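Visitor: Provide a 3D model corresponding to the input given below.
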Amino acid sequence: MRALLFLALPLAGLFAVDPVSFDYHAVKSTVLMAGAFGLLLYAALSGQSRRTAISLPLLVFLAVRGSMLIGHPWSGRAWRSWSLLLALTLCAHVAPSRAQLRRLVPGLLGTTGVLLSLFALTQWGLGERQAHATMANRNFLAIALAMLVPFVLSCDRRRGLRWVLLAALVAGLLATKSRGGALAATAAFALWALWRRRFWMAPVLVLAPVVVLAAVLAFGRGAVKDRLYWYEAAWDMGTSHTLRGVGADGFRREYPPVRTLDEHAISGGRVVHAVHNDYLESFAEGGVPGLLAHLLLLAGVGWAVRRDRRAGPALLAFAVGSLIGLPLHDPALLALAFVCAALGARRCAPLPLRRAAPVLGNIAVLGFLLLHGIHWLGDREFGRYLKTQDAQHLDRALGLDRRHAEALLSRATGRDLELLVSMEPHHGNALYLQARKRPDGEDKEHAFREILLRHDPHHVPSRIALARLVKGDDPAQAASLLEGAIAADPRRWASYAAMAEVQREQGNLAQAGGYLRKAEQRTRAAPVAHERLELSLATLRAHGETHSDALHAAVAALPAVLTRRRIETALAAAEKRAQTFDESRPALTRGADEGDLEFIRRKRTAEAPWLRRRQDAVHGFYVEAQLLAGALTHSQPSAAHYRLWSRTQHGLRHFEIARQLEALALFLEALNGLAGGNEDGARRKLARAMRAHPDLGTEKNIRKVLAAWLQAHADRRAAAKRLLHRYPDFRDSLK
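Guide: Alright, predicted model coming up:
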């Protein structure tokens, strides 16, 4: 019974898969801790727990890892890693003896590896870019398969079947495309071959690392280069905090301020949450004690399993994978490693777990850990904070666990942001949202500068916000900030749009157009359309011309209410300017012996210069409003938009065009009346429209509107024919 429980623990962890895109680590942690709780409860009540040869290294490692949490914010990631390690350590002391597992372990674990490989091959065949089976990612799957290689080779099966299973395992390993997994598998295979004295495999053992190195140099230069930056930063953290390190999960908190622009560009600006080297991460977060405890644990486990030809190579694969990966962070790989350690370790004296205090203490610890895992899953289930802004769901998520940066950040309230900054002092987005809440002024500018100086020198939103604040006083500095933002994240459209705005305000319209085209290639958001509109109007004011296609596209992308507001603003500015000129109109009085005709002629001659100045003063506003109104009407024809367009033409003194646009508005109102059943009112408005614009039926826009109206109001087709039967130009539209 205990043997089956012990084997069910890692197998459940390996096959626990997230069916609805929750956190893989949360699902696996909860499954493993539930199995650990049941196993420990059974062993504690039956008094069958034992000390092993790795007990002392495990306890030292746990003590050091636990001390890393003291004095530092407890992030969810650090807490889960440490709590899972404790749970599995307790399970390692209740593992059954080797005699009970000699027949079960190799076959079950070998079969598990083959099943995972077949799953990965199926994903690869279905077009999955990175096959990961039930693991969190392809690298974790590759290390798991590498650890299972010696168990497949040690299966008590016929030699032919054994090599077939090994070929399936290797095929799954290749489907992952993981260089670290290939290196770990090579190490495990080499140790197994040396212990079995299979020296004929020497050429394979020499060639495999060369192939892996060639693959790294050919396909993974970027990945290798950015990891070298992480390794250097972790080494600097460990040497500068020799005794205490930077605390649990400290690398993710302390790395942003020292991040280089080259690494930011290579990694695409993504968040760096780990070193991708467990040894350097232990050194950075725990200092020299953390690294020594890690090495002591490896040495203890290695000494304990030195005579086992299955557990030894498997644990070597885990250790080699830790050089370029994060197996210490994955619950399934941890469980698999503890199975191998318990399998190969020799037994010592039983622990006196029949006493009440140790039994209740162990059960309480694992019960709490299990409850924490269930809370974690509940958070992911009810929070959905990456996809929803539902306040009730977010409150539920934060009530379950207030340590989640994403949930706190999505709320963006002052208290939640303060909590998030206290947890992660260098969280750039949280500091950015705090700075945005400040009123405009020197304090707000200083807050953004502090983010770039002390927390994250390449934080793109802060660079954009600071550039917008200083562009009026120091446009050169604003341009420099935005150039850095573009270099840090070339895919972000907001940097190009902000740079286009800075260049436009400086009069560099050609450069502004180039940056704006780059922004439009990356998004069709309303702010980019608004900047395109501003650039078109600036080109009009500077050169007297604009590109109508670009202007129409910008107006079509903007909400109509914003365009109408802009037109009303331009018309109001023109009317205000005209009113100012009206106050300076020349005052003339009629002479006693002057006739009416002579007075009118003299008045027109005297007011002519004033009228020209008045028209020149308001002309630009009316032209801007006319362009916007025309583009708006072409994209969204309506009676209100035609009347707005008519007002702009009237201001430009194009009275005939204004009269025709008014006729178009009357025609659309006639259609609206006809749709409502008011045929008499529609007939009167149509008659007025045709008197004002006899060629109304030849207008392309009107014909399109009429065709769309007839399609939407099929039941009013007969009424439309009665209304328009006297006008031949409309007959084609009525067919």
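
Visitor: quick one: buried residues of the helix or strand hosting residue 171?
Guide: Per DSSP states H and E: residue 171 is located in helix 159-176. Neighbour-count burial for helix 159-176 flags 162, 165, 166, 168, 169, 170, 171, 172, 173, 174, 175, 176 (criterion: 16 or more other C-beta atoms under 10 Å). For every residue, glycine as well, the C-beta is placed using N, CA and C.

Visitor: Next, the residue of the chain most remote from its centre: phi, psi?
Guide: Computed with C-alpha atoms, centre = their mean, the residue of the chain farthest from its C-alpha average is residue 593, at 84.3 Å. Per-residue torsions, residue 593: phi -100, psi 20 (degrees, to the nearest 10).

Visitor: what mean pLDDT would you report for the very next helix or strand once past the helix holding residue 171?
Guide: Following helix 159-176 in sequence order, the next helix or strand is helix 179-195 (DSSP H and E). For helix 179-195, mean pLDDT is 83.

Visitor: ok now helix 179-195, how far from the chain's centre?
Guide: Taking the mean of its C-alpha atoms, helix 179-195 sits 36 Å from the chain's own mean (C-alpha atoms, centre = their mean, to the nearest Å).

Visitor: Could I get the buried residue list for that helix?
Guide: Buried, per 16+ other C-beta under 10 Å, within helix 179-195: 179-193, 195.

Visitor: and residue 57, what does it touch?
Guide: Residues near residue 57 by C-beta atoms under 8 Å, 6 or more residues apart in numbering: 296, 297, 299, 300, 301.

Visitor: these two touch, right, the first one and residue 63?
Guide: No - the criterion here is C-beta atoms under 8 Å, and residue 296 misses it with residue 63 at 11.2 Å.

Visitor: Mind checking which of the two has more residues around it?
Guide: Set side by side, residue 296 and residue 63 show more neighbours around residue 296, with 16 against 11, by other C-beta atoms under 10 Å.

Visitor: and the more buried one, what element?
Guide: Assessed by DSSP H and E, residue 296 sits inside helix 278-304.

Visitor: Tell me which other helices or strands that helix touches.
Guide: helix 55-67, helix 221-240, helix 250-254, helix 311-324, helix 331-344 (3 or more C-beta pairs under 8 Å, 6 or more residues apart in numbering; DSSP states H and E).

Visitor: and it, average pLDDT?
Guide: Mean pLDDT, helix 278-304: 91.

Visitor: Now do it against helix 55-67, angle only.
Guide: Here helix 278-304 runs at an angle of 160 degrees relative to helix 55-67 (axes from the mean of the first three to the mean of the last three C-alpha atoms, to 10 degrees).

Visitor: in helix 278-304, what counts as buried?
Guide: 278-294, 296-298, 300-302, 304.

Visitor: quick one, that helix and helix 311-324 angle?
Guide: Using the same axes, to 10 degrees: helix 278-304 against helix 311-324 is 170 degrees.

Visitor: now, the most widely separated pair of the buried residues of helix 159-176?
Guide: 162 and 176 (21.9 Å; C-beta to C-beta).

Visitor: residue boundaries of the helices in the stretch 401-550 of the chain?
Guide: 405-411, 414-423, 428-436, 442-450, 460-470, 475-488, 493-505, 509-522, 526-543, 548-557 (DSSP state H, counting those that start in this stretch).

Visitor: Kindly reformat these as JSON lines containing mean neighbour count.
Guide: Shown next, in JSON lines, are the helices of the stretch 401-550 of the chain (neighbours: other C-beta atoms under 10 Å):
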{"stretch": "helix 405-411", "mean neighbour count": "20"}
{"stretch": "helix 414-423", "mean neighbour count": "17"}
{"stretch": "helix 428-436", "mean neighbour count": "21"}
{"stretch": "helix 442-450", "mean neighbour count": "15"}
{"stretch": "helix 460-470", "mean neighbour count": "22"}
{"stretch": "helix 475-488", "mean neighbour count": "19"}
{"stretch": "helix 493-505", "mean neighbour count": "23"}
{"stretch": "helix 509-522", "mean neighbour count": "18"}
{"stretch": "helix 526-543", "mean neighbour count": "19"}
{"stretch": "helix 548-557", "mean neighbour count": "19"}
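
Visitor: so can I have TSV of those helices showing distance to residue 145 and mean pLDDT?
Guide: Output for the helices of the stretch 401-550 of the chain, formatted as TSV (distance: least, C-beta to C-beta, whole Å; pLDDT from 0 to 100):
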stretch	distance to residue 145	mean pLDDT
helix 405-411	31	71
helix 414-423	36	78
helix 428-436	37	88
helix 442-450	47	90
helix 460-470	38	91
helix 475-488	37	89
helix 493-505	41	90
helix 509-522	39	88
helix 526-543	46	78
helix 548-557	50	76
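
Visitor: Adding distance to residue 272 as columns, could you present the ones you listed in TSV?
Guide: TSV is the format used below for the helices of the stretch 401-550 of the chain (distance: least, C-beta to C-beta, whole Å):
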stretch	distance to residue 272
helix 405-411	14
helix 414-423	17
helix 428-436	12
helix 442-450	21
helix 460-470	15
helix 475-488	13
helix 493-505	21
helix 509-522	23
helix 526-543	29
helix 548-557	36
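
Visitor: out of these, nearest to residue 58?
Guide: helix 414-423 (28.9 Å).

Visitor: Does anything pack onto that closest one? Which helices or strands?
Guide: Looks like helix 414-423 contacts helix 405-411, helix 428-436 (3+ C-beta pairs under 8 Å, 6+ apart).

Visitor: Make a markdown table from these and add distance to residue 485 to it.
Guide: Converted to a markdown table, the helices and strands packed on helix 414-423 look like this (distance: least, C-beta to C-beta, whole Å):
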| stretch | distance to residue 485 |
| --- | --- |
| helix 405-411 | 20 |
| helix 428-436 | 13 |
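
Visitor: Same question for residue 242, what's its three-state structure.
Guide: What DSSP: H, G, I helix; E, B strand; the rest coil gives for residue 242 is coil.

Visitor: in which helix or strand would I find the spatially most central residue of the chain?
Guide: In the chain, the centroid-proximal residue (C-alpha atoms, centre = their mean) is residue 270; its distance is 8.4 Å. Assessed by DSSP H and E, residue 270 sits outside every helix and strand.

Visitor: now the residue nearest to residue 621 when sequence neighbours are not counted: how far from residue 161?
Guide: Nearest residue to residue 621, sequence neighbours excluded (C-beta to C-beta, 6 or more residues apart in numbering): residue 574, at 3.7 Å. With distances taken as C-beta to C-beta, to the nearest Å, residue 574 is found 89 Å from residue 161.

Visitor: So which bits of the strand or helix carrying residue 644 are buried?
Guide: In this assignment (DSSP H and E), residue 644 forms part of helix 639-651. Residues 639, 641, 642, 643, 644, 645, 646, 647, 648, 649, 650, 651 are the ones in helix 639-651 that count as buried (16+ other C-beta under 10 Å).

Visitor: then it to CSV, C-alphas only?
Guide: Provided in CSV are the C-alpha atoms of helix 639-651 (Å, rounded to 0.1, in the frame of the first residue of the first chain):
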residue,chain,number,x,y,z
ALA,A,639,-28.4,64.8,-42.0
ALA,A,640,-26.6,66.3,-39.0
HIS,A,641,-23.2,65.8,-40.6
TYR,A,642,-24.3,67.3,-43.9
ARG,A,643,-25.6,70.4,-42.0
LEU,A,644,-22.3,70.7,-40.2
TRP,A,645,-20.5,70.5,-43.5
SER,A,646,-22.9,73.2,-44.9
ARG,A,647,-22.0,75.5,-42.0
THR,A,648,-18.3,75.2,-42.9
GLN,A,649,-18.9,76.0,-46.6
HIS,A,650,-21.0,78.9,-45.6
GLY,A,651,-18.2,80.3,-43.5
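
Visitor: ok and the helix or strand just after that helix relative to helix 639-651, angle-wise?
Guide: Later in the chain than helix 639-651, the nearest helix or strand by DSSP H and E is helix 655-675. Interaxial angle of helix 655-675 relative to helix 639-651 (the same axes, to 10 degrees): 170 degrees.

Visitor: Now the element after helix 655-675, going C-ward?
Guide: helix 679-692.

Visitor: what's that following helix in contact with?
Guide: 659-660, 662-664, 666-667, 669-671, 673-674, 696, 719, 722-724, 727.

Visitor: Thanks again, I'm all set now.
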